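Participant: Let's see this in three dimensions:
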Amino acid sequence: MKFKILAAAVLTAIMLLVYNFDAHYSCAYSQTGNVICTSCQFENLPNTKFCANCGQKIEIVKICPSCKFENHPQAKFCVNCGTSIAKNIAKPKVDSKPPKANDPTGKTRANDKPSDKPSLLKTGPAEHIKKGDELFARKEYEKAKEEYKEAVVKEDKNISANFKLGLAYLKAFYIDEAEKFLNKTIELDKNHVDAYYYMSQVYRFKNDSNGEQQHLKKTLEKDPNHAMALNNYAVIGIKSRNYEDAISQLKKATLVKANYYIAKINLAAALLYKNRFDDAKKALEEAQKINPDFYLLYYNMGVLFNNKNYLDDAVIQFDNAIKINPDHIESYINKGAVLNRMSKYKDAAEVLKAGIEKNPNNGALHLNLAISYEKLSMSDEAVSENHRANQLVPGYNVTSYPNGILLGAIPEYDDESLEQSVNKSPKFNMSLSSSTTELDKKLKTSLGEVHGSSKTANEGGMVTPTEIFTVGEQLYNNAKYEEAMAEFKKVIELKKDHAGAYEKMGLCFGALGKYDNALEFFDKAYSINSDSASLCVNYAKAYGAKGMRDKEIELLNQAIKNDAKYHDAYYNMGLSYKAQSKKKEAAEAFKKYLQLYPDAPKKDMIESLIEQMTE
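Facilitator: Prediction:
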């Protein structure tokens, strides 16, 4: 009796020990994101591979698909970057029924149905492989691997069976088993190109970039035209800033596969990082012709337009990406950041809050929202969002990033989930073209004539277009036209639709006697705000300086239509009619001017002109 009690106690103790070990293992991460060693419980910094206390390797639990950070197995969002990992990213599976090698008898397992045994005994490896291929083609990977396992049982050294079993394991996310059978394939056939390629994916899932690169390199040594290997090797190159090598590899991949739109999108990403905007745009347009429904081509076009300071166009493209993929957090981050650049802080806040609803643990979203709130004078909200951003990503705060976070171009791995063929039935019809007109192109040329840079913007800190514009006005009023133009140029770069900045640029060019340039800027300002009486008058004066009196009078009448009491319009109309020797019309315009502005400093001169006109 005592022996039974003692045995039961020992068994209970062992069960508790196993339970505690499992509990520790399943909670291998602290709430702060630090990694806890399951051997000695020492708390290590994030991304630690080996325990700093005991040296034991820290096991991968849950890998972020974006930054490859290792997270708690129950985490819904990545601790490091905030990316959603609730779906499809889980701890790799473990096959509870691995095939037993060297079993030529083909004996069935205990849970096989008796009716299955005769057919299993008669079926050879080829038949199992064929059935597995049919299931694999339907993406029924769990069932497919069972057929391939039977083939391996029948013939342990069958290269095709081992490779296909490893691939089925990989697709079903049994990473360790995939590694085992892909490695076995390589042992059986040292020149098996695809085994090396899929081993690179195994190492990517294991967060081992060295292993991934080595196997991609081996793949390309054996097949230099392996398009997927070229693409994925280039993605690593872009992430490690080896842009020229990546460009070369991606160009080759698109030659090997004409409809390889992911490679074209990645090519655009690499070209963007080299500031080769025209080439990048061409690559994205080619990708769109193949598959216009892929969100990333619109996101990367948004990055391109932002880099060229076509901010309205950038917002449109980020919005297009969100329409196709409502969960693409990077598009929310960048759309909000660009709206902040445009001083559209309320709109930016709405976009960023929508992004936070999708992913509440993304530091960049909270940081950009903090900037929106600060500009809206919502101090408490700004402080709260700034604190939250710094909590999620230490260092993410408005002091370190006064202009917020704006992400660059994103490359994409080819995991074969997207068919690389022409999309003949697209769901979306979106344009990649810029809304930039011929006038905008002329303005860009004229802006290129403005030398120097904004001193206000170069002082650092959070400087808005409105603040820069005010400095420019002060310089203009002091007749410092060249310096003022540098400030107005910066305003236009930050806020493409700032009518006041275009108008002031026109005045500066006019003051310097460059009336053709002045008219271009007045034309742009008028296209944005045709209701401004003062703008119409300044626009008219530029035409008058070129002797184009009909256009001058037309715009002065428009100014009066906009504001019947705007006396300066009548004064300039009087001068224009006088220059045309239309004395009666000139006298009437000057009289109206004095009616509206009886205390005008030029009253005596105007009255004298009226007398001259009525003689």
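
Participant: Which pLDDT value belongs to Phe521?
Facilitator: Predicted confidence (pLDDT) for Phe521: 90.

Participant: Next, the buried residues of stretch 376-385.
Facilitator: By neighbour count, and taking 16 or more other C-beta atoms under 10 Å as the criterion, the buried residues in stretch 376-385 are Met378, Glu381, Ala382, Glu385. The C-beta positions use only the backbone N, C-alpha and C, and glycine is treated the same way.

Participant: any idea of the mean pLDDT in that stretch?
Facilitator: For stretch 376-385, the mean per-residue pLDDT is 95.

Participant: ok, now stretch 130-141?
Facilitator: 94.

Participant: on that earlier part again, from the buried residues of stretch 376-385, which single one is nearest Glu607?
Facilitator: Within those, distances to Glu607 taken as C-beta to C-beta reach their minimum at Met378, with 54.6 Å.

Participant: In helices only, show me the buried residues of stretch 376-385.
Facilitator: The subset of the buried residues of stretch 376-385 located in helices under the criterion DSSP state H comprises Glu381, Ala382, Glu385.

Participant: Dump those residues to TSV, plus distance to Ala479.
Facilitator: Putting these into TSV (distance: C-beta to C-beta, whole Å) gives the following:
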residue	distance to Ala479
Glu381	43
Ala382	39
Glu385	43
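
Participant: Of those residues, just say which sits nearest to Asp516.
Facilitator: For Asp516, the nearest member of these is Ala382. The distance, counting by C-beta to C-beta, is 45.2 Å.

Participant: so where's the stretch 301-450 of the chain shaky on pLDDT?
Facilitator: Applying pLDDT under 70 to the stretch 301-450 of the chain picks out residues 418-421, 424, 433-442.

Participant: if we go to 80?
Facilitator: In the prediction, the stretch 301-450 of the chain carries residues with pLDDT under 80 at positions 309, 416-450.

Participant: ok, now the stretch 101-250 of the chain?
Facilitator: Looking at the stretch 101-250 of the chain by pLDDT under 80, you get 101-123.

Participant: Helices of that one, start to end?
Facilitator: If DSSP state H, counting those that start in this stretch is used as the criterion, the helices of the stretch 101-250 of the chain fall at 117-122, 125-137, 141-154, 159-171, 175-188, 193-205, 209-222, 227-239, 243-256.

Participant: Can you give me the neighbour number for Lys157?
Facilitator: Residue crowding around Lys157 was assessed by other C-beta atoms under 10 Å; the count is 12.

Participant: my bad, should have said Asn275
Facilitator: 10.

Participant: And for the nearest residue to it once chain neighbours are set aside, the neighbour number?
Facilitator: Among residues not flanking Asn275 along the chain, Asn307 sits closest, at 7.3 Å (C-beta to C-beta, 6 or more residues apart in numbering). The number of residues packed near Asn307 is 17, by other C-beta under 10 Å.

Participant: Phe590: which element?
Facilitator: Phe590 is part of helix 583-596 when elements are defined by DSSP states H and E.

Participant: Flag the shaky bits of the stretch 451-600 of the chain, pLDDT-wise.
Facilitator: Looking along the stretch 451-600 of the chain with the criterion set at pLDDT under 80, you get 451-463.

Participant: Ala151 contacts Lys131, doesn't it?
Facilitator: No. Counting by C-beta atoms under 8 Å, Ala151 stays clear of Lys131, with 9.0 Å between them.

Participant: Many thanks, have a good one.
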